[in-house]
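got a sequence here, can you build the structure:
(2 chains)
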Amino acid sequence: NAGVTQTPKFQVLKTGQSMTLQCAQDMNHEYMSWYRQDPGMGLRLIHYSVGAGITDQGEVPNGYNVSRSTTEDFPLRLLSAAPSQTSVYFCASSSSGRYNSPLHFGNGTRLTVT
Amino acid sequence: KNQVEQSPQSLIILEGKNCTLQCNYTVSPFSNLRWYKQDTGRGPVSLTIMTFSENTKSNGRYTATLDADTKQSSLHITASQLSDSASYICVVSRILTGGGNKLTFGTGTQLKVEL
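Residues are numbered from 1 along each chain as shown, chains lettered A, B, ... in the order given. Alright, predicted model coming up:
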């Protein structure tokens, strides 16, 4: 059981480039989300989805797009990378976005924008 | 303002010793409180989730307590092992008007267990 799989593990981009961070889960979870983790700060929610075809913005959505065409996949697109987007990105899923379901996290993508 | 504060920021203990990590929060209205363990270079892994009515929950050598009146939680680690070296993150969930919930993450306590 792979859980939540993120690719790539590491990525270096130049300012202005675009890219897609991939996230896939095999637990049939309805809820999926993207977070960024920066030094000295708690994880911050970028975008989330409560099911295929449904997405919504989190706390820090600017500069990122998402789509959810299947239950399994939830890619995160950086439209025009900026140095402020240098961070570690985590994808997470749960059986429900509500209440007492634990989040299952992938192992992250470390992104550096130069 | 909805905040989660963790202390200490970092901690070094000897293998076999016990330790307690603290979490204070101002999140409201409260739904549940979670502790996660994050190993270096990995994603966080859930240890416990506690609702308003639960004041103690254990997961092996990890025991979390919750005092919803004072808005404090602690994570006690018994007989520490080298593999306990990690960041421990406190997360508080609040109920949103209209449904759903929002998670507020603490910045974590970095624990190092040494021989």
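
okay, and the residue nearest the centre of chain A sits in which element?
In chain A, the C-alpha nearest the mean C-alpha coordinate belongs to A:W34, at 2.8 Å (C-alpha atoms, centre = their mean). In this assignment (DSSP states H and E), A:W34 forms part of strand A:31-37.

all strands for chain A, in order.
A:4-7, A:10-13, A:19-25, A:31-37, A:44-51, A:54-57, A:64-66, A:76-78, A:87-94, A:104-105, A:109-113 (DSSP state E).

spell out which parts of chain A neighbour chain B.
Contact residues (C-beta under 8 Å from any C-beta of the partner chain) of chain A with chain B: A:4, A:40-45, A:90, A:92, A:97-100, A:102-108. The C-beta positions use only the backbone N, C-alpha and C, and glycine is treated the same way.

of those, grab the buried ones for PyMOL.
To isolate the buried members of the residues of chain A next to chain B in PyMOL, using 16 or more other C-beta atoms under 10 Å in any protein chain shown:
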select buried, chain A and resi 4+42+43+44+45+90+92+97+98+102+103+104+105+106+107+108
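
I would like the residues contacting stretch B:36-46, please.
Here stretch B:36-46 makes contact (C-beta atoms under 8 Å, 6 or more residues apart in numbering or on different chains) with A:4, A:43, A:90, A:92, A:102-108, B:34-35, B:47, B:85-89, B:91, B:108.

hmm, the helix-or-strand element of chain B with minimal mean pLDDT in reach of chain A?
Least confident helix or strand of chain B, by mean pLDDT, DSSP states H and E, is strand B:101-105 with a mean of 90. Yes - applying C-beta under 8 Å from any C-beta, one finds strand B:101-105 touching chain A at B:N101, B:K102, B:L103, B:T104, B:F105.

buried subset of the residues you listed?
B:N101, B:L103, B:T104, B:F105.

the third one contacts B:E5, correct?
Translated: B:T104. No - assessed by C-beta atoms under 8 Å, B:T104 is found out of contact with B:E5, at 10.5 Å.

touching both of those two, which residues are there?
Common neighbours of B:T104 and B:E5 (C-beta under 8 Å, 6+ apart) are B:Y25.

in contact with residue 8, which residues?
As the question left the chain open, I've gone with chain A. Contacts of A:P8 (C-beta under 8 Å, 6+ apart): A:L21, A:Q22, A:T109.

if you could check chain B rather than the one you did, that'd help
By C-beta under 8 Å, 6+ apart, the neighbours of B:P8 are B:L21, B:Q22, B:T109.
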